[in-house]
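**Q** Coordinates only, no sequence provided:
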């Protein structure tokens, strides 16, 4: 059983080799550039850990892990175009550096190369692997579309929002674990529990992300606190506040979102606190973490093998702020 | 042996059923809309014909043909974004009707669904099928990138241009035939000749397209004659003219491209004629057609089975204007 750190080091080293041909450089340099920006590589490591939960890590798991990380980077390149984001990991995004058309094509070809790696899988479960990968890929696209739809919609219900987060963020974490588990010969029941563990953890992670943007310690959070509030992003906090605050608080919140006064962040935070939205978000995150660990408990494997996943879960969703 | 028309009718009918889930409609309606615009469905039919050249059409060929047509439509949706094209088949393009972000995502998910169909292939050759499909998909992306690069480049050599056309247009026609042939159990040599037939035919088709845009009969051509000249598009004709006309003619051509006078089309056509570029393009097309048919001849199968492909070739590259 290897720790998250050990697997992360090994994957990052293998993944750092060149992934694309040299020519045409105008297409492939942007991809190599984007991959060189790094990242935590959480998803491929989840795949390796899902595999190692049931078996020694098989060579196929490295192919699938690579496909997952390329897929994830493809979605980031395209999401950055859609969000008109100038920066990713403090560096220019692909469309910012090379133009939108090239970023679009670079993403496309990265997705195709992800499928090249899936095509190397020798396991008898290859068809099942591709099927789950495709289902997940479609869901991630659906989640991104719903996210864009919701930004234009005046009212978004909490259950719709959770479903969107599940699609946009959670299913890829969940599927990464399950893909590894399939290669490890896990039973259907164990696969389902591992998937559910990843899904619930993913939602907890997003709740935490929204919470920290509003209430995090700027020194620890690493991003500007209040960024979501400034940009009127629909977050767990805003959606809950619009659903459960008093009519006066809701009216004030909507006015602040429209008028963007200088003290907007402080006043929105006050509404969140007055309406108990901070406490609610904290509890919601705990609820999803508890549910995630319940599913992990259900997996019928000696509990010592689960340690790296527990460690990773705590790394992703810190229980302190 | 079925004719192009018979296969076209059968494929079009099968392909006209719904390809995407109902929800989220904001993502999938754009895809259904785009597919409803129709098209000649040449590529999937090439796959079916490539299969029937060596065998009865196997069920797998329908899956691969469907994947090919979805892939082709994915490239069209994304190309239209890059080209900022308002219309496709006289109807609004996806990005024009639904916005660029949705068009981007709709294309992405269409590519994923193409892979769903490839994942249904039961043939022992499935891995080889996916491998050729992926190689071709990457080449099509490379071709599109080179096309965009060339539009910004002052000098483009004819051999570079031909390679770009090969990647952007020909390889998918060629691969469609070969994918069918693989499923039909064709030998490696026969596969290679069939691929070369498709590749040479594709280049001939593009030379014809460029030729007809300049010298075609407006009544028969169905597009505005001179459109490429008006938009300064780099075509076989322009590239050849810049390579082989006299310095005076080249200077005049460059001036016309820069200044866009009212009689630009007529004057550029005159340069093409004076420089013998029209005759050269006609001969170039004939050269590629001859080469294509040579490769078809090489295929070791009774010649009667080749009739539908000969018929299709004549449909694609008319020998009269």
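**A** Received it, and whenever you're ready, just let me know what you need. Keep in mind it's a predicted model, so treat the numbers as computed, not measured.

**Q** can we go C-alpha only for contacts and neighbour counts from here?
**A** Fine.

**Q** quick one: contacts for the residue minimising distance to the centre of chain A?
**A** Most central in chain A under Cα atoms, centre = their mean is residue A:169, positioned 3.9 Å from the mean C-alpha point. Residue A:169 makes contact with A:140, A:143, A:202-203, A:206 under the criterion Cα atoms under 8 Å, 6 or more residues apart in numbering or on different chains.

**Q** next one: residue A:138
**A** Residue A:138 neighbours (Cα under 8 Å, 6+ apart): B:109, B:112-113.

**Q** Inside helices: which ones of those residues?
**A** Residues of the contacts of residue A:138 located in helices (DSSP state H): B:109, B:112-113.

**Q** which of the contacts of residue A:138 come close to chain A?
**A** Contacts with chain A are made by B:109, B:112-113 out of the contacts of residue A:138, judged by Cα under 8 Å from any Cα of the partner chain.

**Q** returning to what we had before: which among the ones in helices among the contacts of residue A:138 gets closest to residue A:281?
**A** residue B:109 (32.5 Å; Cα to Cα).

**Q** Surely that closest one and residue A:143 touch.
**A** No: with contact defined as Cα atoms under 8 Å, residue B:109 and residue A:143 do not form a contacting pair (11.6 Å).

**Q** for chain B, what are the nearby residues on chain A?
**A** Proximity of chain A to chain B, by Cα under 8 Å from any Cα, involves residues A:24, A:26-27, A:78, A:81-82, A:100-102, A:104-105, A:108-109, A:112-113, A:115-116, A:119, A:127, A:130-131, A:134, A:137-138, A:141-142, A:145-146, A:149.

**Q** Let's see that with 7 Å instead.
**A** Within chain A, the positions near chain B by Cα under 7 Å from any Cα of the partner chain are A:24, A:27, A:82, A:101-102, A:105, A:109, A:112, A:116, A:119, A:127, A:131, A:134, A:137-138, A:141-142, A:145.

**Q** Throw the contacts of residue A:138 into TSV and include pLDDT, distance to residue B:17 and neighbour count, thanks.
**A** Shown next, in TSV, are the contacts of residue A:138 (pLDDT from 0 to 100; distance: Cα to Cα, whole Å; neighbours: other Cα atoms under 10 Å in any protein chain shown):
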residue	pLDDT	distance to residue B:17	neighbour count
B:109	98	17	24
B:112	98	18	25
B:113	98	14	22
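
**Q** From these, pick the one nearest residue B:69.
**A** residue B:113 (11.0 Å).

**Q** list the contacts for that closest one?
**A** Applying Cα atoms under 7 Å, 6 or more residues apart in numbering or on different chains to residue B:113 gives no contacts.

**Q** gap between it and residue A:134?
**A** Using Cα to Cα, to the nearest Å, residue B:113 is found at 7 Å from residue A:134.

**Q** Helices along the stretch 101-250 of chain A, start to end?
**A** A:126-152, A:158-165, A:171-183, A:188-215, A:218-221, A:227-230, A:236-244, A:247-259 (DSSP state H, counting those that start in this stretch).

**Q** Quick check: which of those helices has the most neighbours on average?
**A** helix A:171-183 (a mean of 29; mean count of other Cα atoms under 10 Å in any protein chain shown).

**Q** which secondary structure elements does it contact?
**A** Helix A:171-183 sits against helix A:42-52, helix A:126-152, helix A:188-215, with contacts defined as 3 or more Cα pairs under 7 Å, 6 or more residues apart in numbering or on different chains; DSSP states H and E.

**Q** contacts for that helix?
**A** Identification of contacts with helix A:171-183 by Cα under 7 Å, 6+ apart yields A:43-44, A:46-51, A:54, A:61, A:129, A:136, A:191, A:194-196, A:198-199, A:202.

**Q** Okay, angle between that helix and helix A:42-52 too, please.
**A** Helix A:171-183 and helix A:42-52 meet at an angle of 30 degrees, taking axes from the mean of the first three to the mean of the last three Cα atoms, to 10 degrees as the criterion.

**Q** how far is helix A:171-183 from where the chain is centred?
**A** 13 Å (Cα atoms, centre = their mean, to the nearest Å).

**Q** before we move on, what about stretch A:16-29?
**A** Counting by Cα atoms, centre = their mean, stretch A:16-29 is centred 26 Å from the centre of its parent chain.

**Q** Over to stretch A:99-112?
**A** With Cα atoms, centre = their mean as the basis, the mean position of stretch A:99-112 lies at 20 Å from the chain mean.

**Q** What separation is there between the closest residue to residue A:54 other than its chain neighbours and residue B:147?
**A** By the measure of Cα to Cα, 6 or more residues apart in numbering or on different chains, the closest residue to residue A:54 outside its immediate chain neighbours is residue A:184, 5.1 Å from it. Distance, residue A:184 to residue B:147, using Cα to Cα: 45 Å.

**Q** Also residue A:302?
**A** Counting by Cα to Cα, the gap from residue A:302 to residue B:147 is 57 Å.

**Q** ditto for residue A:55
**A** 48 Å.

**Q** Likewise for residue A:265?
**A** As defined by Cα to Cα, residue A:265 lies at a distance of 47 Å from residue B:147.

**Q** next one: residue A:177
**A** 40 Å.

**Q** can you check residue A:69 too?
**A** Distance, residue A:69 to residue B:147, by Cα to Cα: 29 Å.

**Q** tally of neighbours for the closest residue to chain B within the stretch 101-250 of chain A?
**A** Using Cα to the nearest Cα, the closest approach of the stretch 101-250 of chain A to chain B is made by residue A:101 at 5.3 Å. By the measure other Cα atoms under 10 Å in any protein chain shown, the count of residues near residue A:101 is 20.
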